[in-house]
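# Below: sequence and its predicted model.
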Amino acid sequence: MIRPATFQDIPELKKLLNDSVRGLSKDYYTTNQIDSALKYIFGIDTQLISDGTYYVFEIDGIIAGCGGWSRRKTLYGGDQHKELQDTLLDPLTEPARIRAFFVHPNYARRGIGRKIMDFCEDEARKNGFSNLALGATLPGVPLYQAMGFKEMDQITEPLPDGEKLELVKMIKVI
C-alpha cells in the first residue's frame, strides 16, 4: 500500500533510510563515505511531508520503502543539506524533482521503488510537469535507467569532513 508520509512516520523513516543506505550502498561507497553522507546529505526532507508529496510503501504495516517528488528546486538531500528557502519550480520550464527513494534491504528488488516511482510520475504529471530530474546515488543508477531516466551529469558532492560522494544527475520525459 502506498500512502502519504506523516510526521509520525519520521522515526521509522530515519531507521529505514539508515538501513537502506548502509545495506544497499556498501558495494559502491566506502564506509566513511556512507557515514559522512548519512550525516551531511541523506535525511528526511520534512518539506516533502508538509507538501504531501512524500510517500511510504507498507507491507503488512511495515514501511518497506519510501520516496517522493517535489515541485521545489532542491534536487537531493534532507533537511540538514538544503537551503532554507526552497522555492517552487515552474512546471512549464523546469522538471519536477524525484526525491529521497529508499527501500529496506530486506525488501529490495521486489518492485517497491518502481511502484512508488509510477505513483510519483502520475502525481507530477497531474501537477503540470512533463519532465523529472533526480540526483541518483551510484546503486540507484541502474534502477533509474531501467525506469527510463537518462544520465545528464556526474556530480562529486564535497562533504564537510573531506569525504566526497559521487552522484549522477538524471532526467526523464513523462
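Here it is on my side, so go on. Numbers count the residues shown, from 1 in each chain.
# if I look at residue 160, how far off is residue 131?
Distance of residue 160 to residue 131, given as Cβ to Cβ, to the nearest Å: 32 Å. C-beta: built from backbone N, CA, C; applies to glycine.
# quick one, which of those two is more surrounded?
More crowded of residue 160 and residue 131, by other Cβ atoms under 10 Å: residue 131, with 14 against 8.
# Dig out what that one forms beta bridges with.
residue 173 (DSSP bridges).
# got a list of what it touches?
Residues counted as contacts of residue 131 (Cβ atoms under 8 Å, 6 or more residues apart in numbering) are 94, 95, 96, 171, 172, 173, 174.
# Closest to residue 48 out of these?
Of all the contacts of residue 131, residue 48 sits closest to residue 96, with 11.8 Å by Cβ to Cβ.
# residue boundaries of the strands in this structure?
Along the chain, the stretches classed as strands by DSSP state E are 2-4, 54-59, 62-70, 96-103, 131-137, 150-158, 164-173.
# what's the most buried one of the ones you listed?
Highest mean neighbour count of the strands of the chain: strand 96-103, a mean of 25 (counted as mean count of other Cβ atoms under 10 Å).
# What sits closest to residue 68 if chain neighbours are left out?
Leaving aside its chain neighbours, residue 68 sits nearest to residue 54 (3.5 Å; criterion: Cβ to Cβ, 6 or more residues apart in numbering).
# Dump the contacts of residue 131 into CSV; add pLDDT and distance to residue 118 as well.
Putting the contacts of residue 131 into CSV (pLDDT from 0 to 100; distance: Cβ to Cβ, whole Å) gives the following:
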residue, pLDDT, distance to residue 118
94, 98, 21
95, 98, 17
96, 98, 14
171, 98, 17
172, 98, 12
173, 98, 15
174, 96, 10
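# Perfect, I'm done here.
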